[in-house]
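K.L.:
sequence isn't available, so here's the structure alone:
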């Protein structure tokens with residue numbers, strides 16, 4: 001999806017009060033469209049072929065709405081960051097970053113690389129921020145994402161909180177899981193450079 005198409009789609013969705021819209025490469029982020037399924041064919045018209053749902057509840061009727069509109073549906077559950085939850089589960093991050101979670105993460109990154117994607121959580125803010133940050137840190141093709149804030153939180157606080165959770169998830173990957181993302185032992189050095197670029201792009 002080119003910038004012009006993406007901008008036109010964002011303007012179209014904004015007229016229907018879809019909140020927190022943003023473009024990053026071939027992807028558009030925003031609030032979940034489960035309550036506005038009439039907009040899904042519009043995504044298709046603008047060249048979107050995949051919808052990614054970051055909500056923990058996921059699935060339900062949203063998958064059916066997407067598939068009926070000719071869109072591929074992917075559910076990659078991501079936890080809230082505003083309350084300090086991790087991207088898998090708040091109870092035990094080490095056990096929750098399992099092979100199933102890694103497979104979902106890879107599916108998301110592959111779709112982000114190869115497909116025209118509409119993605120989001122309920123509001124399209126914090127869980128989407130975390131997913132985009134994981135993608136940025138683990139995906140060599142990704143550019144620094146635009147992060148959004150909520151309520152009275154300062155953007156710098158949101159960025160730091162989101163980065164902290166993303167890095168905790170990566171830290172708790174097994175060596176075999178890290179290999180799937182080509183992470184070497186000195187990956188923290190690479191992350192430091194990426195984080196500097198991310199802060200520069202957002203602040």
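P.N.:
In hand now; what should we look at? Treat the numbers as computed from the prediction; the structure is a model and nothing was measured.
K.L.:
backbone dihedrals for the nearest residue to residue 106 once chain neighbours are set aside, please?
P.N.:
Closest residue to residue 106 apart from its sequence neighbours, by CB to CB, 6 or more residues apart in numbering: residue 180 at 6.6 Å. In this view, the C-beta of every residue, glycine as well, is placed from N, C-alpha and C. For residue 180, the backbone dihedrals (degrees, to the nearest 10) come out as phi -60, psi -20.
K.L.:
same thing with residue 52?
P.N.:
Dihedral angles (degrees, to the nearest 10) for residue 52: phi -110, psi 130.
K.L.:
contacting residues for the nearest residue to it once chain neighbours are set aside?
P.N.:
In space, and not counting its chain neighbours, residue 52 is closest to residue 119: 3.9 Å by CB to CB, 6+ apart. Each residue near residue 119 by CB atoms under 8 Å, 6 or more residues apart in numbering is listed here: 27-29, 51-54, 128, 131.
K.L.:
okay, and residue 119 sits in which element?
P.N.:
If you go by DSSP states H and E, residue 119 is part of strand 117-120.
K.L.:
in terms of secondary structure, what does the following helix or strand past that strand contact?
P.N.:
If you walk from strand 117-120 toward the C-terminus, the next helix or strand you reach (DSSP H and E) is helix 126-138. Packing partners of helix 126-138 (3 or more CB pairs under 8 Å, 6 or more residues apart in numbering; DSSP states H and E): helix 99-114, strand 117-120, helix 155-171, helix 187-202.
K.L.:
hmm, who's touching helix 126-138?
P.N.:
Taking CB under 8 Å, 6+ apart as the rule, helix 126-138 contacts 20, 24, 29, 52, 54-55, 76, 78-82, 87, 105, 108-109, 112, 119-121, 142-145, 147-148, 150, 158, 162-163, 165-167, 169-170, 181, 183, 191, 194, 198.
K.L.:
what's the burial count for residue 108?
P.N.:
Residue 108 has 25 neighbouring residues, counting by other CB atoms under 10 Å.
K.L.:
my guess is it contacts residue 50. True?
P.N.:
No. Using CB atoms under 8 Å, residue 108 is not in contact with residue 50; the gap is 9.9 Å.
K.L.:
shared neighbours of these two, which are they?
P.N.:
Contacts common to residue 108 and residue 50, judged by CB under 8 Å, 6+ apart, are residue 74.
K.L.:
so what strands line up beside the strand holding residue 119?
P.N.:
Next to strand 117-120 in the sheet, as set by DSSP bridges, lie strand 27-29 (parallel), strand 50-53 (parallel).
K.L.:
how far does the longest one sit from the chain's center?
P.N.:
It stands for strand 50-53. Strand 50-53 has its C-alpha centroid displaced from the chain centroid by 10 Å (CA atoms, centre = their mean, to the nearest Å).
K.L.:
drop anything exposed from the contacts of helix 126-138.
P.N.:
The neighbour count (16 or more other CB atoms under 10 Å) marks 20, 24, 29, 52, 54-55, 76, 78-82, 87, 105, 108-109, 112, 119-121, 142, 144-145, 147-148, 158, 162-163, 165-167, 169-170, 181, 183, 191, 194, 198 as buried among those.
K.L.:
where's the residue nearest to the spatial centre of the chain relative to residue 71, distance?
P.N.:
Centroid-nearest residue in the chain: residue 131, 3.2 Å away (criterion: CA atoms, centre = their mean). Separation of residue 131 from residue 71 (CB to CB, to the nearest Å): 18 Å.
K.L.:
thanks again, I'm all set now.
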